[in-house]
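In: sequence first, then the predicted structure, then my questions.
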Amino acid sequence: GESVGLHLPTLSVQEGDNSIINCAYSNSASDYFIWYKQESGKGPQFIIDIRSNMDKRQGQRVTVLLNKTVKHLSLQIAATQPGDSAVYFCAERWSNTGKLIFGQGTTLQVKP
Amino acid sequence: DSGVTQTPKHLITATGQRVTLRCSPRSGDLSVYWYQQSLDQGLQFLIQYYNGEERAKGNILERFSAQQFPDLHSELNLSSLELGDSALYFCASSPLTGEAYEQYFGPGTRLTVT
């Protein structure tokens, strides 16, 4: 079916630690994946993306890993800060329709 | 500020009514996307327009329709409203140049159907 699921609904980490948010996707034909961050009262904000021909992409303090064998996507945040507290969504794009499917979201809580 | 604007910010209306949500994309962006976000359904892709034409369709109900105008702004029309249509409606835009797909989201319109 069409679903992108997140393994943990809430992740609580200590400030300064690294965070890993996981996501499973269902469509092996998806060609593009995106991570979004949504703070309370705001629209989703693009964090990082990765195409299906890559397995790793790094940004500023964030890394996305893609494992197509097991259809798994993860977002790693280094040295997590209080400002990282938000809901994180993964999304996959179905290459045949251009349709974007979003996961339910993981809440990241950063403890000072 | 993403550069995407949406109006109105809040909308309260009754069941059976019809509303129009408006979105202005970032300057230069040709693609507009509409999403619905509710507590029990998460973020649901509704529809995408590119340079005035429908490009992709998601879980959009027949009671809903959208269009993109020559100046690239877009409107989402919701009719015969039901209580379950209460949600946040987001618009996003992207340049969609080549393979680029980064989307910039607006602040959303909160629709409450009573």
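Out: Cool, got the structure.

In: need the residues of chain B near chain A, please.
Out: Selection of chain B residues close to chain A by Cβ under 8 Å from any Cβ of the partner chain yields B:2, B:4, B:33, B:35, B:42-45, B:48, B:55-58, B:90, B:92, B:99, B:101-108. Glycine gets a C-beta too; all of them are placed from N, C-alpha and C.

In: show me how to select, in PyMOL, the buried members of these.
Out: The buried residues among these can be selected in PyMOL (16 or more other Cβ atoms under 10 Å in any protein chain shown) with this line:
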select buried, chain B and resi 2+4+33+35+42+43+44+45+48+55+56+58+90+92+101+103+104+105+106+107+108
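
In: quick check: phi and psi on A:Asp84?
Out: phi -80, psi -10 (degrees, to the nearest 10).

In: that one contacts A:Lys111, correct?
Out: No - the criterion here is Cβ atoms under 8 Å, and A:Asp84 misses it with A:Lys111 at 11.5 Å.

In: helices - which of the residues of chain B next to chain A land there?
Out: Applying DSSP state H to the residues of chain B next to chain A, no entry is found in helices.

In: filter the residues of chain B next to chain A down to the ones in strands?
Out: Among the residues of chain B next to chain A, the members falling in strands (DSSP state E) are B:33, B:35, B:42-45, B:48, B:55-57, B:90, B:92, B:104-105.

In: alright, calling it a day.
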